[in-house]
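Engineer: Please find the sequence and the predicted model below.
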Amino acid sequence: KDNLWEMQNLLWQLEASIVCCVQFCDQAKKSFPYSEEQLFLESYLHEKKKSRRKVEEVLRFIQNRIWERTGFAPYCY
């Protein structure tokens, strides 16, 4: 059985989680008065943003496979 829909849903959840983490860390970075913490959070944010791009790439691949099978875009509005 092909589970493209489940994979898409999982990737959407993962992407949403990463977005929330990035927003939280960005706000925390602005709140810290010390440069060491800001530097740590900046590098952490950089890694999270890279992770988000990778998740988006895989999500786009999965959505294209769904599109090929169904004949229409698999977006939910």
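Structural biologist: Now that the structure is in, tell me what you want to look at. Not measured: the values here are computed from a predicted model.
Engineer: Is it correct that residue 56 is in contact with residue 16?
Structural biologist: No. Applying Cβ atoms under 8 Å, one finds residue 56 not in contact with residue 16, separated by 11.7 Å. In this view, the C-beta of every residue, glycine as well, is placed from N, C-alpha and C.
Engineer: And the longest helix along the chain, what does it pack against?
Structural biologist: For the chain, the helix that runs over the most residues, judged by DSSP state H, is helix 35-70. Packing contacts for helix 35-70, counted by 3 or more Cβ pairs under 8 Å, 6 or more residues apart in numbering; DSSP states H and E, involve helix 4-31.
Engineer: now the helix it packs on: mean pLDDT?
Structural biologist: Averaging pLDDT along helix 4-31 yields 94.
Engineer: quick one, phi psi at residue 3?
Structural biologist: The phi/psi pair for residue 3 (degrees, to the nearest 10) reads phi -110, psi 40.
Engineer: Any idea how many residues pack against it?
Structural biologist: 10 (other Cβ atoms under 10 Å).
Engineer: Residue 51 now?
Structural biologist: Other residues near residue 51 number 15, with proximity taken as other Cβ under 10 Å.
Engineer: what's the overlap in contacts for residue 56 and residue 16?
Structural biologist: Counting by Cβ atoms under 8 Å, 6 or more residues apart in numbering, residue 56 and residue 16 have no shared contacts at all.
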